[in-house]
Structure formats: structure tokens, C-alpha cells
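K.L.:
Here is my input, please return the structure:
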Amino acid sequence: MMNPRQTAAERSQLDDRSASRNCWATGRRPATLVQAANWLAEERPDFELFSFVRLDSDDSALTCAAMWERSNRVAGWLQAKGVGAGRIVAISLSENEDILLVFMGALLVGAVPAIFPHLPAKVDPDVYRQRMESLLDSSGASHIVVPAGFEMDDRAGRMPGLDRVIELPPAGTVAGPTAALPPTTDNPVAALQYSSGTTGRQKGIELAHQSILDHHESLYQAIDLRPDDRVVSWLPLHHDMGLICSVVVPVLSGVPATMMSTSDWVRSPALLLKVISRQRATLCWMPNFAFNHTMRSLRKGDAGDIDLRSIRRWYNASEPVRASTIRAFAERFEPFGLDPAVLGVGYGLAEIGAVSVTKEGAPARVDHIDRKQFQEAGRATSSPGQGNMTVVSCGRLVPQVQLQIRDEHGSQLPERAIGQIHLQSPFMFRGYYRRPDLTAQAFDGGWLRTGDLGYLADGELFVTGRIKDLMIIAGKNIYPEDVEAIANEVPGVYPGRAAAFSAFDEALGSDGIIVVYEARSPVSDEDRFALERELRRQVLQELDVTLQQVELVPRGWVEKASSGKIARSANQQKYQQLTAGRSGPP
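P.N.:
Below you'll find the predicted structure:
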């Protein structure tokens, strides 16, 4: 069994089968994740593929053989509960180990798993029921797997199209007959991946077996996956980046992964750093806000045993990337052995997976462009002087992905012209489940309309924002994430709990920018006025626009999607409801 404390060189020397750590290396490409897992169980039974780290309970691990054996027992258990080939089975569990085994067990019986967010402790049960009803109605799931003792039976029983709620027994106690491998051609859909928007807008993305394997092959090449790699992640498995990095990559590549729950990481970001140090992890993915959270939350007592020299690539992905965040993170953790050059950037989306990544061995490129040209002409004109803005490169395209930047009429744009990103790839998603209307809207002549804005420069992709979120204020293109990033840096604002959106101003006869924010701690009226005055000043200074309204809201008010991103349309609706009864200006 591999010792995670050994150096990369020691592990490479000890593992004389490093050239055949997965069936791909033997020339036998698997047809499904199940076949890849079966190969690992037979050829590398004692290899520790998955580790699970927890704050409040014991850690655990799964060898390839144990994963296979327990997944088969779960498969038999699912069959006994009525889950069969072609059925949609929703998974709403709190433990990553349980989610993994049920996900693989569902694949073993030919069912289609769909991982949903689990009920957080702070979410009102009725609110959760409404969210789950929407997701279950969208997916048409016949079963939902919940933790043992989870009091959801009465409410779940009323959910549309749901035959049965299944309570998963405690870990390791599932008893069921071994399930036979299903034919690989019966159901080309492997899983449903739900987008991370607000519940009413979430769409089920059909992930085909073939697409998963094709995508992995391209990602494998793009990040130069190596025999001595180890993935570490706190990303939720219902998120596409979490599922790919924590489950798909390990099963298809034979590279081990260590997982921790999102809630544990939020409580103690140092846990991630300690796992990297202890297990000499090499690869990690997380969104921009997580880098800031890690820096803010690290206490002096946590720093003693942190050693980040093993990391060879730490990707910032899944939301807009800030040059200031990358710079600050590098400065904060360089004393702990972090090489600034390992801080990479990636761009992708659930419909296709990874699209681009920055090159290893060098920091992500930062493009300095003229703000006025950007806002008024839709051009990313180089401008290294004052008054410019910075955009971080998302790197070059992964193999087999094609990209075009198009204007609103569908015409392809030249370099440094800002337009909508369109993509094409052999591992494109099959479509939105049971939504042919949305599927048709998503494509333009075989090219996927991403809804993201960006530009190309010297062969690299720069992403600037979302079309639907773009605010046009006094003829200028303003991105809400830019406003939110400024707000998050203002002392007194609770970082990550500010939302920006536009609203029509009757007095001005045009749209204005609204910012709602939560305070880090209770503030007096005097302090609040000073805080909001500073927020307005910084937005005016950096973006050359004036905020129409700044509104302090109670803690927990700001809505986020299941991925942790700000749900702007939901916050805009809440704000409209909040101000609807006011007789004068808000």
C-alpha cells in the first residue's frame, strides 16, 4: 500500500507498475467508469485510491478492492430497493464516502445517478423540501437516497414522481448481493449533472459514458497527469468540478484522491493545508473566493506544520479569477514553501468540462487593458499605464476543444474583441435532460453558446463575465463581479456576502447599480454610513460609475447557488420584494 508521507521520487521508485496504474496505459480503454474501477480492483487491489478526512470523526480510506466490493454491495442493496437499469436515482447524502459508493453502485446496476446538495444544518426544512421538489420534478427521479435517520419521509413522499425514499444504512453496514455488470450500450447516459444556478434555473446536464472518457483523456494531457500525483479536494460532489476532480480523475487514472467535506473546510480552511502537507498532495482545484477564505481564516496556531512544497498545480477555477487574489495568496504562503508559479487558472463548465488551463511552470498571465475601451468599445486594448484594469488568463485550450468569440449577430470576432464564448468538442454534453427547448437554445450550428463573455489574445483565453449579468450603465459595460470584488475588500463588509445587480431608476430614466451586503459584525448607523460611503468611493474610483443604492441586509440574507456563487437574479428578486412596500426611494 502506498505511504502518502513518502516523497514523489520515493513513491515512483517503489511503484514499479507506475506505467500501468490504469487500464488506459495497457492499451485497453474502458467503456465506462465501472470498467475502469473493475480493472483497478483486479490489478491494484491494495492501492489506497480514496481517503476521507474529517474534523469531528475518524478518517477513513478505500483501497481499489474495497471500493469495488462495497460499491457492488450498495448496487445489490439498490436493486433490492427497486432501483433498476435506466432509472434516475437522486443522491442527497452528507458523507463523501457514501456519495461515492452510491454513485458507483447506481452505475453498476445501470441506473443514472444525480447528486443533489444535502440539507445544510442552517437551511429551513421547508425551504429544502421546495428546492428538492423542483430538482426531483426536473430529474424525474424514482428514488432518492438519504442518510439513515434523516426525517424526510413525510415531505419527500409528496414530491412529484417519487416512488420511494431510501435511507442508506451507516457506512460499512450495507448488505446486498453482488450486482452483475450491466451492458455498456443499454443506456448511454452515465449521470445527470445539475448546474449550480438557483434551484428554479438549474438544468440537468446529460453526461454520456463516452463523453466522460473523452474528456478525461484531454484533461489528462492538458494537466500532464503523473503517476505520483495526489488530488486533494473539499469541493462538493454535486458540483461538476468536484465530481470530475474527486471521482472521475481517480477512477479513470488510478491517481489517489483525498476528500473532505465542504462544511469542514469552511469551518477550518487550515485542514486543506494540513492534508496537503501530510499527504504531499500535488493537485488541487478551487474557486477564487476559496483562496481569499483560506488567507483570511488562517490562524497563527494553524501555521506551524504547513509545508506546501509538494503542490505542483493549484488551479483557480469555477468563478471569475482576480489577479489580486493570486498575488496575495502567493505572498501569504510563499514562506510555507508555495512556489508562486504553481498557481494556475482554468476555465470550464458543466456542459463540456475543462476548456482551458494555464501552462505549468509559470504563473498565469495578467493582461493590463484600457478600461474605457473595455467598457465602451468592447475591446481589450493593451494599456500598461494608470487607469487600466487587469484580466487573468485562463490559459490555452485543452486538446480537442475548439473555441470562437462571436458578437451578438453570431459573427466571429478577431483577437482582443470581446464577445460571447462559443465551444465545440467531441465530449460536449448530450443535452439538458427533458428540456429539448433549452438544448436547442444552447446551440448555434453545433457550437455551444456558453453565456460567458471573453476574448482571445496570443492564443490564450480571457473570460470577462456573464452575458445575463452584464450591466450597461451610462453606456458602459459593468460586470457585477467587479463591483462585488470591490465591496468584499471594504472593511466591515462580510467577504463573499455582497451582491450587485442593476435596477431601473425612474428618476434617472436608466438602469442603476444596486449593492446589497451583509456586515461582518453588528454596526451602528454611523459606522454603516461610513462603510457605505467608502464602498461608493472605491467603486467610483475603480470603475468610474456611481452606485444607485447600497443596502445593508441581515446575516444569511444574500442568496447563493449550490456551488457557493452569488445568485444574482434571486437576490434581485428579493431586493424588489424588500423595497416594494416603501413609499419613497429605498
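K.L.:
Determine the set of other helices and strands touching the lengthiest strand in the chain.
P.N.:
For the chain, the longest strand by residue count, based on DSSP state E, is strand 493-505. The contact analysis (3 or more CB pairs under 8 Å, 6 or more residues apart in numbering; DSSP states H and E) places strand 493-505 against helix 288-297, strand 471-473, helix 480-488, strand 510-519, strand 547-552, helix 568-580. For glycine as for every other residue, the C-beta is placed from the backbone atoms N, C-alpha and C.
K.L.:
so what does the second one touch, helix or strand wise?
P.N.:
Judged by 3+ CB pairs under 8 Å, 6+ apart, the packing partners of strand 471-473 are strand 476-478, strand 493-505, strand 510-519.
K.L.:
Quick check: mean pLDDT of that strand?
P.N.:
For strand 471-473, the mean pLDDT works out to 79.
K.L.:
Pull out the buried residues from that strand.
P.N.:
471, 473 (16 or more other CB atoms under 10 Å).
K.L.:
Contacts for it next, please.
P.N.:
Applying CB atoms under 8 Å, 6 or more residues apart in numbering, the external contacts of strand 471-473 come out as 477-480, 500-502, 510-513, 545.
K.L.:
Tell me which of the helices and strands packed on strand 471-473 sits nearest to Val146.
P.N.:
Closest of the helices and strands packed on strand 471-473 to Val146 is strand 493-505, at 28.7 Å (criterion: CB to CB).
K.L.:
For the spatially most central residue of the chain, give me its contacts.
P.N.:
Among the residues of the chain, Met241 comes closest to the average C-alpha position under CA atoms, centre = their mean, at 4.4 Å. Met241 makes contacts with 235, 285, 317-318, 348, as judged by CB under 8 Å, 6+ apart.
K.L.:
hmm, 6 Å instead?
P.N.:
Residues in contact with Met241 (CB atoms under 6 Å, 6 or more residues apart in numbering) are 235, 285, 318.
K.L.:
Would you confirm that the last one contacts Pro287?
P.N.:
Yes - Ser318 sits in contact with Pro287 when judged by CB atoms under 6 Å, with a separation of 4.1 Å.
K.L.:
Of the two, which one has the most company?
P.N.:
More neighbours surround Ser318 than the other of Ser318 and Pro287, with 25 against 21 (other CB atoms under 10 Å).
K.L.:
before we move on, which element is that one in?
P.N.:
Taking DSSP states H and E as the definition, Ser318 sits outside all helices and strands.
K.L.:
between the contacts of strand 471-473, which has the most around it?
P.N.:
Result: Ala500 is most packed of the contacts of strand 471-473 (other CB under 10 Å), 28 neighbours.
K.L.:
Just confirm that residue contacts Glu481, I think it does.
P.N.:
No - using CB under 6 Å, Ala500 makes no contact with Glu481, being 7.9 Å away.
K.L.:
ok, His215 - contacts?
P.N.:
353, 427.
K.L.:
Next one: it, what pLDDT does it get?
P.N.:
Reading off the model, His215 has pLDDT 95.
K.L.:
Which of the three states applies to it?
P.N.:
helix (DSSP: H, G, I helix; E, B strand; the rest coil).
K.L.:
and the gap between Ser261 and Leu235?
P.N.:
10 Å (CB to CB, to the nearest Å).
K.L.:
of those two, who's got more company?
P.N.:
Per other CB under 10 Å, whichever of Ser261 and Leu235 has more neighbours is Leu235, with 26 against 21.
K.L.:
what about that one, distance to Leu93?
P.N.:
Distance from Leu235 to Leu93, by CB to CB: 15 Å.
K.L.:
and Arg555, which of the three is it?
P.N.:
coil.
K.L.:
let's number from 56 now, not from 1
P.N.:
In the new numbering, first residue 56, that becomes Arg610.
K.L.:
contacting residues for Trp123?
P.N.:
Taking CB under 6 Å, 6+ apart, one finds 92, 96 in contact with Trp123.
K.L.:
Restricting to C-alpha, output the strand or helix carrying it in CSV.
P.N.:
In the assignment (DSSP H and E), Trp123 maps to helix 119-135. Provided in CSV are the C-alpha atoms of helix 119-135 (Å, rounded to 0.1, in the frame of the first residue of the first chain):
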residue,chain,number,x,y,z
CYS,A,119,-9.4,-0.2,-5.1
ALA,A,120,-10.6,-3.7,-4.0
ALA,A,121,-12.7,-2.2,-1.1
MET,A,122,-14.3,0.4,-3.3
TRP,A,123,-15.3,-2.3,-5.8
GLU,A,124,-16.6,-4.7,-3.2
ARG,A,125,-18.6,-2.1,-1.3
SER,A,126,-19.9,-0.5,-4.4
ASN,A,127,-21.2,-3.9,-5.5
ARG,A,128,-22.9,-4.4,-2.2
VAL,A,129,-24.6,-1.0,-2.5
ALA,A,130,-25.6,-1.9,-6.0
GLY,A,131,-27.3,-5.1,-4.7
TRP,A,132,-28.9,-3.1,-2.0
LEU,A,133,-30.2,-0.6,-4.6
GLN,A,134,-31.6,-3.4,-6.7
ALA,A,135,-33.4,-4.8,-3.6
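K.L.:
got the buried residues for it?
P.N.:
Buried positions in helix 119-135, judged by neighbour count with 16+ other CB under 10 Å: 119-123, 125-134.
K.L.:
So which of those residues is the closest to Ala378?
P.N.:
Met122 (40.1 Å).
K.L.:
Can you lay out the helices and strands packed on strand 526-528 as a markdown table showing mean pLDDT?
P.N.:
What follows is the helices and strands packed on strand 526-528, written out as a markdown table (pLDDT from 0 to 100):
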| stretch | mean pLDDT |
| --- | --- |
| strand 531-533 | 80 |
| strand 548-560 | 87 |
| strand 565-574 | 88 |
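K.L.:
These: which one's closest to Glu222?
P.N.:
Closest approach to Glu222 among those is made by strand 548-560 (33.9 Å; CB to CB).
K.L.:
Show me what the closest one pairs with in its sheet, parallel or antiparallel.
P.N.:
Partners of strand 548-560 in the sheet, by DSSP bridges, are strand 565-574 (antiparallel).
K.L.:
tell me the angle the strand it pairs with makes with strand 602-607.
P.N.:
20 degrees (axes from the mean of the first three to the mean of the last three CA atoms, to 10 degrees).
K.L.:
quick one: strand 565-574 to chain centroid distance?
P.N.:
How far strand 565-574 lies from its chain's middle: 26 Å, per CA atoms, centre = their mean, to the nearest Å.
K.L.:
I'd say Tyr370 and Gly399 touch.
P.N.:
Yes - with contacts counted by CB under 6 Å, Tyr370 reaches Gly399, the gap being 4.9 Å.
K.L.:
re the thing from before, pick the one among the contacts of Met296 closest to Phe517.
P.N.:
Using CB to CB, the contacts of Met296 come closest to Phe517 at Ser373, 16.2 Å.
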